[in-house]
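Novice: sequence plus predicted model, see below.
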Amino acid sequence: MSPTYWRSLPASRAAVLVDAADYYVAARQAMAKARRSIRLLNWAFESRTRLDPASGERIGDFLKARAAEGIDVRILVWKTALPIAATQDWFPLQDRRSFADTAVNFVLDAHHPFGACHHQKVLVVDDQVAFCGGTDIGIERWDTARHLDVDPGRARPEGRGYFDPRHEIMAVVDGAPAAALGDLFAERWRRATGENPPLPGPAEADVWPESVTPEFTAALVGISRTAPAWRDWPEVRETESLTFASIAAARRSIYMENQYLTSPAVAEALARRLTEPDGPEVTLVSTRRAPHWFDRMTMDRARGDFIGRLRRADRGDRLRILSPSTAAGAAIVVHAKLAIFDDDFVRVGSSNLNNRSTGFDTECDVSFRLTSEADRAAARALRQRLTDHWSGRLSPIEPTRLAPLARFIARHHIGDPLGPADSFRLGLRRRRLESEVAAVAAGAHAAWDPAKRA
């Protein structure tokens with residue numbers, strides 16, 4: 001079993017930002033204060049994105065201006081597969097054109113196994129403040145906590161209608177964890193380019209965003225990664241270990257918001273807790289229906305088995321699996337990857353509850369171990385804020401009946417491999433999944449406690 005953390009470091013300021021409108025405002029404030037460097041890791045990045053829809057300013061123009069002022073601006077983005085790029089307005093081509101012949105260092109990263117992706121979403125400013133979570137900087141990400149049916153802020157460029165309401169979560173930290181996320185960026189940059197980015201210098205200004213009030217002031221911040229084995233680089237499965245550890249350690253409640261619910265091993269870990277007479281309450285919030293065809297064909301198909309396993313295990317009516325809708329009944333896209341355990345352990349990142357996020361895609365999560373009463377009260381307030389945010393919007397997710405082809409896709413987890421070894425070997429994938437589920441069912445992960453690993 002892998003360790004649960006790559007690094008575990010104290011932060012004097014940390015907060016959780018709910019929905020991209022707040023993240024984009026805070027990100028621009030921090031980047032505007034930068035004195036040395038701006039580092040961006042993204043699955044997708046669109047230079048035409050307006051961080052504030054009320055303004056005509058686009059992120060690409062803002063970053064080019066900062067780079068022209070002498071700030072070292074580096075952007076590392078997954079070299080997106082063509083079928084995916086087609087659903088994202090072909091942003092890699094647009095970005096290349098936008099940043100050509102400018103001082104911005106923009107690189108597309110294809111250093112991963114075939115079929116995998118770089119899924120980390122990290123922004124680091126001056127190695128002093130860092131954001132980490134599930135939100136890319138892109139046109140279809142912006143929304144407010146109101147999730148209105150029609151919001152001018154969600155208008156597509158060139159007047160091409162509106163995009164779907166969307167729920168996102170990002171964390172922001174300062175100090176040593178922010179510097180560690182700067183190290184994560186530097187390692188990714190070296191792998192992609194063979195070059196070392198400039199070393200950070202001494203702090204010249206406080207770049208904490210003024211719109212963000214710190215929620216946690218004495219948290220121990222863990223950084224957990226996923227990376228597939230590739231060439232000379234070893235496999236890293238810290239996010240998977242942290243998931244099993246956290247589920248096993250929960251005493252009262254497990255609250256998760258996640259884009260995908262497909263991992264049979266995670267379903268088994270949650271099912272074990274639901275079978276306990278005094279186990280925790282389990283609440284899962286996810287999207288009713290994925291917004292893009294590939295996810296509907298693959299992830300949505302496999303979710304039925306995940307839900308079915310939990311419902312069979314729920315002997316005490318402690319399970320809720322819910323999806324949010326707008327006031328008019330339209331599905332809200334849940335792109336968040338958030339977990340709160342017992343109101344004293346909070347996790348935010350890029351990892352989904354699917355197979356890919358455990359060993360095939362590149363992921364990064366941050367988690368907050370909260371030991372002070374003030375920080376635990378802040379975690380309770382965060383959970384209440386999310387509860388209020390969803391008030392009147394949630395309804396149960398009902399699995400759909402699957403036709404034979406869809407049943408085959410779900411059974412073999414098409415599009416959702418565990419790692420490079422089974423990415424094109426469906427039989428091996430089935431055997432690996434069955435082995436993982438058997439290990440979880442036997443209690444192989446029950447002794448892992450994330451608090452002790454800190």
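Specialist: Yes, it's here. Computed from a prediction, not measured in an experiment: that's the story for all the values here.
Novice: which residue ranges of the stretch 301-450 of the chain form helices?
Specialist: Per DSSP state H, counting those that start in this stretch, the stretch 301-450 of the chain carries helices over the ranges 356-359, 373-389, 404-412, 426-441, 450-453.
Novice: where exactly do the strands run in the stretch 51-200 of the chain?
Specialist: Taking DSSP state E, counting those that start in this stretch as the criterion, the stretch 51-200 of the chain contains strands spanning 72-78, 105-109, 122-125, 129-133, 166-167, 169-174.
Novice: before we move on, the earlier item: quick one, which of the helices of the stretch 301-450 of the chain is packed in tightest?
Specialist: helix 356-359 (a mean of 27; mean count of other C-beta atoms under 10 Å). From N, CA and C alone the C-beta is placed, and that goes for glycine too.
Novice: outside of that one, which residues touch it?
Specialist: 116, 119, 226, 228, 235, 237, 239-240, 243, 263, 265, 350-351, 363, 416-419 (C-beta atoms under 8 Å, 6 or more residues apart in numbering).
Novice: thinking again about what came up before, save the strands of the stretch 51-200 of the chain as CSV, and put in mean pLDDT and distance to residue 219 too.
Specialist: Output for those, formatted as CSV (pLDDT from 0 to 100; distance: least, C-beta to C-beta, whole Å):
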stretch, mean pLDDT, distance to residue 219
strand 72-78, 96, 27
strand 105-109, 95, 30
strand 122-125, 98, 18
strand 129-133, 98, 13
strand 166-167, 96, 23
strand 169-174, 98, 8
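Novice: could you dump those strands to a markdown table with distance to residue 143 and mean neighbour count?
Specialist: Below are those laid out as a markdown table (distance: least, C-beta to C-beta, whole Å; neighbours: other C-beta atoms under 10 Å):
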| stretch | distance to residue 143 | mean neighbour count |
| --- | --- | --- |
| strand 72-78 | 22 | 23 |
| strand 105-109 | 26 | 18 |
| strand 122-125 | 18 | 27 |
| strand 129-133 | 15 | 28 |
| strand 166-167 | 5 | 24 |
| strand 169-174 | 12 | 27 |
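Novice: with distance to residue 198 added, can I get the ones you listed in a markdown table?
Specialist: Listed next are the strands of the stretch 51-200 of the chain as a markdown table, based on distance: least, C-beta to C-beta, whole Å:
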| stretch | distance to residue 198 |
| --- | --- |
| strand 72-78 | 6 |
| strand 105-109 | 11 |
| strand 122-125 | 13 |
| strand 129-133 | 17 |
| strand 166-167 | 35 |
| strand 169-174 | 21 |
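Novice: check contacts around residue 112.
Specialist: Residues near residue 112 by C-beta under 8 Å, 6+ apart: 78, 118, 228, 230, 361-362.
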